[in-house]
Structures are given as C-alpha cells and as structure tokens.
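# only the shape, not the letters, is given here:
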C-alpha cells in the first residue's frame with residue numbers, strides 16, 4: 001500500500017471513529033467506533049517510531065538521530081578551519097581520530113555516537129574489535145600512523161576533532177564518551193578538568209631560564225627529572241601528573257613508573273639528584289643536577305598550580321624545603 005493510501009486510511013479511521021461514537025447509540029456502532037479510534041492510535045505509534053510512515057520528510061527522521069543541524073560538510077569545515085588545512089587533510093584527521101576512538105570506547109558507545117553523527121561518518125566508527133584501554137599517548141600514536149603525520153600534528157588534530165565532536169552531538173553523549181576515557185585524555189578535550197595545560201615549550205623555557213641551559217639541555221634535564229620522579233612516586237600520582245602535562249613530556253614519566261612497577265620508593269634529595277645526573281650523562285656533576293631538579297620541579301609547580309603539592313606529597317622533605325626557598 002502506498003504512503004498516500006496509508007495516510008488516507010488513518011484520516012478515515014479517525015473521522016469514522018468519531019462519527020460512530022458520537023452519532024449512534026447502538027452498542028455495535030460504539031464498538032466499531034472504538035476500534036476505529038484504536039487504529040488511529042496505533043498509526044500514531046508508528047509515526048513516532050518512524051516519521052516517514054505519515055509522509056514526513058526524510059530530514060525529520062534524520063533530525064531525531066542528530067543533536068543539532070551539523071551535517072558532514074559542516075563538521076569537516078570545522079576541522080578544516082581549526083587546523084588551517086585543506087579539505088582532504090581535514091577528512092583524514094577526522095577519519096583517523098574517529099577510527100581510533102572506536103577502538104578505545106565500547107562498541108555500544110561507538111554505535112550511540114554514530115547515531116548522532118551524519119551517516120557519512122558512521123563507517124569510521126565501525127569496528128569488530130573489542131575495545132582496548134590504551135593511553136592517550138597510544139591514541140595519538142595510532143592517529144599519527146593513520147594520518148602519516150608526526151606526533152605533534154596528530155595531537156593537534158585529535159584535539160580539534162574532539163572539539164568538533166563536542167559541537168556535533170548532545171552534551172550528554174559527549175560526556176558519555178569522555179566517561180570511557182581515562183584522565184590522561186583531559187588535555188585533549190574541549191571541556192572538563194585540566195583542559196588548560198601549559199605547553200611543553202613554555203615549561204622548557206622556564207627550566208632554561210632558571211638553569212642557564214640551552215633548549216636541548218633544558219629538555220634533557222626535564223626528561224631526566226621526570227623519569228626519576230616517575231620512579232620515585234606512586235603510580236597513581238604519576239597518572240595525575242600525566243593528566244596535567246603535555247603529551248611531549250609523558251614518555252619519561254611512563255619509563256620511570258615502569259621501573260618502579262608503580263610503587264613509591266623513598267630516596268633523599270642527594271640520591272634523587274644522583275639519578276638525574278646519571279640520566280643526563282653528567283654523573284660527576286651532582287651539584288648541577290640538584291639545581292636542575294629544583295628548577296624542573298619549580299616549573300612543574302607553576303604549570304600545575306595547587307595540584308602540584310597533591311602530586312608531589314611523596315617527595316623527600318629536603319627537596320620540598322628547597323622548593324619553598
């Protein structure tokens with residue numbers, strides 16, 4: 001039966017039901033009237049399930065799936081303008097990020113996300129694999145591999161695509177996605193705690209300013225201190241640091257935590273400085289390494305604010321004393 005005939009039948013059942021209920025007193029006609037009105041109600045339920053049943057435009061059915069008015073072109077344009085890239089590269093960034101996101105979140109959540117996005121994006125969220133609880137660094141590594149881009153470009157692209165997603169789906173759906181990501185993803189998200197992260201370059205500049213080291217020396221000192229810190233404090237505290245620092249500084253923290261198996265190890269400032277000196281390749285300059293430790297931790301304190309003391313509560317007392325001077 002055609003849609004036009006269905007619509008005519010629905011309208012007829014409504015009118016007939018009213019006439020039979022109101023215009024006649026016989027029990028049989030009243031029963032027929034009730035049945036006609038019941039048919040109208042059933043048709044209404046079909047219309048709620050699929051607006052096209054009553055001839056509503058396809059766009060109306062689609063509107064139920066998406067949270068706003070963003071179609072595929074609008075989302076890609078958002079990415080393109082934020083990345084200052086051509087359309088092909090913007091599509092590649094969106095494709096790589098969504099495909100990696102589908103590997104990270106549950107299958108049910110990926111399907112719910114696809115339901116709120118334009119159909120052109122849905123294939124990028126399809127995966128037959130089980131979700132994997134990988135870190136933000138692995139997320140960016142996979143996106144970089146898919147884009148054939150370097151890590152810093154992939155990191156920027158992920159941040160841009162997440163921002164576009166937050167504008168393309170309902171706030172509740174975006175919050176559901178975020179709830180399946182660990183807190184190390186916070187620096188890449190457009191909203192939530194720890195969104196504002198001091199760039200790695202600014203942290204290194206402050207270390208260089210305090211120590212007199214050049215850029216390469218400041219990077220070497222910072223990585224040595226962070227690796228020793230990751231080895232020194234508990235794994236949970238390392239995770240808190242990772243959530244507050246740029247991705248470029250995550251690797252030494254992971255390396256330190258791997259050596260300690262996530263267990264805190266109590267060491268003095270002198271021993272801490274000796275390990276830093278060894279990692280810098282200057283084990284005969286422990287005094288200089290000690291100054292580097294203080295400089296790096298002072299820069300971290302400025303990057304983290306009050307959170308710094310929560311993260312570093314397990315540091316040796318003499319080091320805390322140095323930081324307060």
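On my side now, so go ahead. Since the structure is predicted, the reported quantities are computational estimates derived from the model, not experimental observations. Numbering: from 1, shown residues only.

# and residue 82, what does it touch?
160, 163-164 (Cβ atoms under 8 Å, 6 or more residues apart in numbering). In short, each C-beta sits where N, CA and C put it, glycine included.

# so what pLDDT did it get?
We note a pLDDT of 92 for residue 82 in this prediction.

# any idea which helix or strand carries it?
Secondary-structure assignment from DSSP states H and E places residue 82 in helix 72-83.

# again with residue 154
Counting by DSSP H and E, residue 154 is part of helix 151-168.

# next, the angle helix 72-83 makes with that helix.
140 degrees (axes from the mean of the first three to the mean of the last three Cα atoms, to 10 degrees).

# tell me the buried residues in helix 151-168?
153-166, 168 (16 or more other Cβ atoms under 10 Å).

# coming back round to it: can you lay out the contacts of residue 82 as a markdown table showing distance to residue 251 and pLDDT?
What follows is these, written out as a markdown table (distance: Cβ to Cβ, whole Å; pLDDT from 0 to 100):
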| residue | distance to residue 251 | pLDDT |
| --- | --- | --- |
| 160 | 23 | 94 |
| 163 | 25 | 92 |
| 164 | 28 | 93 |
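
# of those residues, which is the nearest to residue 286?
Distance to residue 286 across the contacts of residue 82 (Cβ to Cβ) is lowest for residue 160, with 44.0 Å.

# quick one: contacts for that closest one?
Here residue 160 is in contact with 78-79, 82-83, 93 (Cβ under 8 Å, 6+ apart).

# which of the residues you listed has the most neighbours?
When neighbours are counted by other Cβ atoms under 10 Å, residue 93 leads these with 28 neighbours.

# is it true that that residue touches residue 85?
Yes: the pair residue 93 / residue 85 is scored as a contact, 7.4 Å apart, by Cβ atoms under 8 Å.

# what do those two both touch?
By Cβ under 8 Å, 6+ apart, the residues touching both residue 93 and residue 85 are residue 79.

# if we can go back for a sec, just checking, what packs against the next helix or strand after the helix holding residue 154?
Once the chain leaves helix 151-168, the next helix or strand it forms, by DSSP H and E, is helix 171-179. On a contact count with 3 or more Cβ pairs under 8 Å, 6 or more residues apart in numbering; DSSP states H and E, helix 171-179 meets helix 107-115, helix 151-168.

# gap between helix 171-179 and the chain center?
How far helix 171-179 lies from its chain's middle: 9 Å, per Cα atoms, centre = their mean, to the nearest Å.

# can you report how many residues neighbour residue 123?
Count around residue 123 with other Cβ under 10 Å applied: 11.

# do residue 214 as well
The burial count for residue 214: 10, using other Cβ under 10 Å.

# name the helix or strand for the nearest residue to it once chain neighbours are set aside, please.
Leaving aside its chain neighbours, residue 214 sits nearest to residue 208 (6.8 Å; criterion: Cβ to Cβ, 6 or more residues apart in numbering). Secondary structure assignment for residue 208, by DSSP H and E: helix 200-211.

# and that helix with helix 151-168, angle?
Using the same axes, to 10 degrees: helix 200-211 against helix 151-168 is 130 degrees.

# quick one: mean pLDDT for helix 200-211?
Helix 200-211 comes out at a mean pLDDT of 95.

# what about it, distance to the chain center?
28 Å.

# residues making contact with it?
With Cβ under 8 Å, 6+ apart, helix 200-211 has contacts from 213-215, 217-219, 221-222, 245-246, 248-249, 291-292, 294-296, 298-300, 302-303.

# contacting residues around the helix or strand that comes right after that helix?
For helix 200-211, the following helix or strand on the C-terminal side (DSSP H and E) is helix 215-232. Under the contact criterion Cβ under 8 Å, 6+ apart, helix 215-232 has outside partners 203-205, 207-208, 211, 213, 238, 241, 249, 251-257, 259-260, 264-265, 267, 272, 275-277, 279-281, 289, 292-293, 295-297, 299, 312, 314-315.

# in PyMOL, select just the buried ones from those.
Only the buried entries of the contacts of helix 215-232 go into this PyMOL selection, using 16+ other Cβ under 10 Å:
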select buried, resi 203+204+207+208+211+213+238+241+249+252+253+255+256+257+260+267+272+275+276+277+279+280+289+292+293+295+296+297+299+312+315
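
# narrow the contacts of helix 215-232 to those in helices?
Using DSSP state H, the subset of the contacts of helix 215-232 located in helices is 203-205, 207-208, 211, 238, 241, 251-257, 259-260, 272, 275-277, 279-280, 289, 292-293, 295-297, 299.

# was I right to think residue 169 contacts residue 117?
Yes: contact criterion Cβ under 8 Å: residue 169 and residue 117 qualify, at 6.8 Å.

# residues near the residue nearest to residue 131 when sequence neighbours are not counted, how many?
Of all residues not flanking residue 131 in the chain, residue 106 sits nearest, at 5.0 Å (Cβ to Cβ, 6+ apart). Using other Cβ under 10 Å, residue 106 has 13 neighbouring residues.

# and residue 96, by the same measure?
For residue 96, using other Cβ under 10 Å, the count is 23.
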